[in-house]
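Enquirer: pasting the sequence and the predicted model now:
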Amino acid sequence: GAVVSQHPSRVICKSGTSVKIECRSLDFQATTMFWYRQFPKQSLMLMATSNEGSKATYEQGVEKDKFLINHASLTLSTLTVTSAHPEDSSFYICSASDRRDTDTQYFGPGTRLTVL
Amino acid sequence: AQRVTQPEKLLSVFKGAPVELKCNYSYSGSPELFWYVQYSRQRLQLLLRHISRESIKGFTADLNKGETSFHLKKPFAQEEDSAMYYCALSVGGAQKLVFGQGTRLTINP
């Protein structure tokens, strides 16, 4: 149980386009979902926290107009990278916490974004 | 500010030897600490958390508030323990996790 999926697993896009990444909790309802970014050989950096039905809370330094987060249901959150640039190329990982056990985060497999 | 430090980027030990992955934290509140593991080509998964005080796959970790440490230990390493290990701190009661830089553990046969 407690599986989180992400789609797509990798995406290549042109500079200036927008890319949407989906994060789904497959077998549980997620009170909260988190979006992380991981640069090569570096740790995960939290970008934002989203709760179903409310606006996401962004970490300091993360542009909310650049990284749009929507958490429309208890099993789905989306991250849209708008007007992507090469510096947005990174590994994006989502996690979700089960409403029955909010102390534990379950991680998705990640999405590799490459902006040309 | 909250911070998690894993001083060793790489750690290599022989099979059967004891292993200790170091983790130190900086946090003014009451800490909740976790160890996450990422095996090759797999996603990040929870290994253990200090509040449950359990042993998973032979690993244990004790929270030492005096030394602000949460080192991960295993008395006899196995080859399948080779992986990337991240120490993480939950802050503010909001489940936000602050991760350390990670330690890549390699168990040599």
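Expert: Yep, it's here.
Enquirer: so which bits of chain A are right by chain B?
Expert: Contact residues (Cβ under 8 Å from any Cβ of the partner chain) of chain A with chain B: A:4, A:32, A:34, A:42-46, A:49, A:93, A:95, A:97, A:102-110. Using the backbone N, CA and C atoms, a C-beta is placed for each residue, glycine as well.
Enquirer: give me that answer again for 6 Å
Expert: Neighbours of chain B within chain A, by Cβ under 6 Å from any Cβ of the partner chain: A:43-44, A:46, A:97, A:104, A:107, A:109.
Enquirer: what about A:Ser15, distance to A:Phe107?
Expert: Counting by Cβ to Cβ, to the nearest Å, the separation of A:Ser15 from A:Phe107 is 29 Å.
Enquirer: out of the residues of chain A next to chain B, who has the most neighbours?
Expert: Highest neighbour count within those: A:Leu44, with 26 neighbours (other Cβ atoms under 10 Å in any protein chain shown).
Enquirer: run through the residues that contact it.
Expert: A:Leu44 makes contacts with A:36, A:38, B:99, as judged by Cβ atoms under 6 Å, 6 or more residues apart in numbering or on different chains.
Enquirer: surely A:Ser77 and A:Ser54 touch.
Expert: No - using Cβ atoms under 6 Å, A:Ser77 makes no contact with A:Ser54, being 11.7 Å away.
Enquirer: in terms of helices and strands, where is the residue nearest the centre of chain A?
Expert: Nearest residue to the geometric centre of chain A (Cα atoms, centre = their mean): A:Trp35, 3.6 Å. Secondary structure assignment for A:Trp35, by DSSP states H and E: strand A:30-38.
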